[in-house]
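> need coordinates for the following:
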Amino acid sequence: MKIGIFTNNYLPNPYGVTQSVESFRKQFEKLGHEVFIFAPKWKGYEDKNPRVFRYPSISTNIKFKFPLAIPYSKKMDEILSKSDFDIIHSQHPNLLGTAAAKWARKKKIPLVFTWHTLYDEYAHFAVIVPEKLAAWWAIRNARNYANKADCVITPTESVKEIIKNWGVTNKNIEAISSGVEEETYQNADRQVIRNKFGLKDGEILLLLVSRLTSEKNIEFLFRSVIEVLKNNKNTKFLVAGDGDLAPKLKSMAKKNDLADRIIFQGIVDKSKIKNYYATGDIFVYASKSETQGMIITEAMYLGLPIVAVRAPGICDLVQDKINGFLVAEDEKEFAGAVNKLIADANLRKKFGEASARIARKNFTDKICAEKLLEVYKKVSNKS
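As a prediction, this is how the structure comes out:
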């Protein structure tokens, strides 16, 4: 098949949608399909893949660096008019999502749309528009887009139910997660990062890999972890990621005399992230805005027990008291779950082994790509 993927979020941006697109692209190509990516131009970044095409964009730095695509381009129109895709897969309902829908109509081929985001949780990114109005518009826009698509993909079953409650009436909705790129996570070395930061034998390391922005519920997580650190002198906390809340979080660490035990690494390159997962003993996460949370499946693949706030998306991945603890958004309850794992090495080992087993059975890139290809074939046959 020839597959055209339109995304507002792509390399070198390191976050979830980029990882999802790349995971599927690589597997599709391994299976003999041709994949063409249409994404916004990122100033100073050169693509190595000749099948990546860039729309003009406007550079922004609202909370983190992000180019806004301009979905009109004579050059792209010329390229697309000569293309003969079997299917177009849109990752967003706006910007390049509008271009995806337009070209699917013009070429009379199926349009697949992945609903990646709980848009109400991201309304705070709107600069001028009030958050409630921004959330209402974003959900309405995505709902209308989804109802016109030939198929809607949600990363998890719980999100499937949410979008139905938001008014999505499309009868063709499939829950397919984005898979862990297995090649990327082979031969992880636990000691590399422990040596880098001088972690001693016996010290427990809590790990977070996340964007440090408000929709990730970061401040709640820090308050909870700070209580854990105060009561466990042999425990440290490593934070891999960056965002507009980083200065505030560093201030919290300093105020609580924990600057030497909370390590702010910043954004970690994809090629090195496996060693960060491997060095952790417990993965902590409090976001309520995930449709899946690929970092959770990555942490599971590397055998980490999880402590997370019970929320859509996450509850489809973490099995409570099997490979981690799902807790209410309550600082004492969250800290208590982490404390249980710190105190019980056998429980950490048991949960970690379960995490790896669950991830390998359900969330590898090959398994997820095969499921999505079946959807492509199904909707193509209908057209």
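
> what ranges do the helices span in this protein?
Here the chain has its helices, by DSSP state H, at 16-30, 74-81, 96-107, 131-148, 157-165, 190-196, 218-231, 246-255, 273-279, 294-301, 331-343, 345-362, 365-382.

> of all the ones you listed, which one is nearest residue 204?
Among those, the nearest to residue 204 by C-beta to C-beta is helix 331-343 (5.3 Å). All C-beta atoms are positioned from the backbone trio N, CA, C, and that covers glycine.

> how far off centre is the closest one?
A distance of 25 Å separates the centroid of the chain from that of helix 331-343, by C-alpha atoms, centre = their mean, to the nearest Å.

> for that helix, which helices and strands make contact with it?
Applying 3 or more C-beta pairs under 8 Å, 6 or more residues apart in numbering; DSSP states H and E, we find helix 331-343 packed against helix 218-231, strand 282-285, strand 306-309, strand 324-327, helix 345-362.

> okay, and the beta partners of the closest residue to residue 263 other than its chain neighbours?
Leaving out its chain neighbours, the residue that sits closest to residue 263 by C-beta to C-beta, 6 or more residues apart in numbering is residue 238, at 4.6 Å. Beta-bridge partners for residue 238, by DSSP bridges, are residue 207, residue 263.

> now do residue 38
Beta-bridge partners, per DSSP bridges, of residue 38: residue 6, residue 53.

> can you report how many residues lie near it?
By the criterion of other C-beta atoms under 10 Å, residue 38 has 28 neighbours.

> and what of residue 47?
Applying other C-beta under 10 Å, we find 16 residues neighbouring residue 47.

> how about residue 370?
Residues contacting residue 370 under the criterion other C-beta under 10 Å number 15.

> wait, what's in contact with it?
Neighbour list for residue 370: 27, 31 [criterion: C-beta atoms under 8 Å, 6 or more residues apart in numbering].

> quick one, domains of the chain?
The chain breaks down into these domains under automatic domain parsing: 2-179+364-382, 182-362.

> just send the ones you listed back as a markdown table, with mean pLDDT too.
Shown next, in a markdown table, are the domains of the chain (pLDDT from 0 to 100):
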| stretch | mean pLDDT |
| --- | --- |
| domain 2-179+364-382 | 92 |
| domain 182-362 | 96 |
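
> returning to what we had before: surely the residue nearest to residue 263 meets residue 207?
Yes. Using C-beta atoms under 8 Å, residue 238 is in contact with residue 207, at 5.3 Å.

> from residue 282, how far out is residue 202?
Noted for residue 202: a distance of 15 Å to residue 282, by C-beta to C-beta, to the nearest Å.

> more crowded one of those two?
Neighbour count, other C-beta under 10 Å: between residue 202 and residue 282, residue 282 has more, with 26 against 6.

> how close does residue 35 get to residue 144?
For residue 35, the distance to residue 144 (C-beta to C-beta) stands at 27 Å.

> more neighbours: these two, which one.
Neighbours were counted for residue 35 and for residue 144 using other C-beta under 10 Å; residue 35 has more, 21 against 12.

> that one against residue 7, yeah?
No. Contact criterion C-beta under 8 Å: residue 35 and residue 7 do not qualify, at 11.6 Å.

> so what's residue 16 up against?
Contact analysis of residue 16 by C-beta under 8 Å, 6+ apart lists 116, 178, 292, 293, 294, 295.

> one more time with 6 Å
Taking C-beta atoms under 6 Å, 6 or more residues apart in numbering, we find residue 16 in contact with residue 294.
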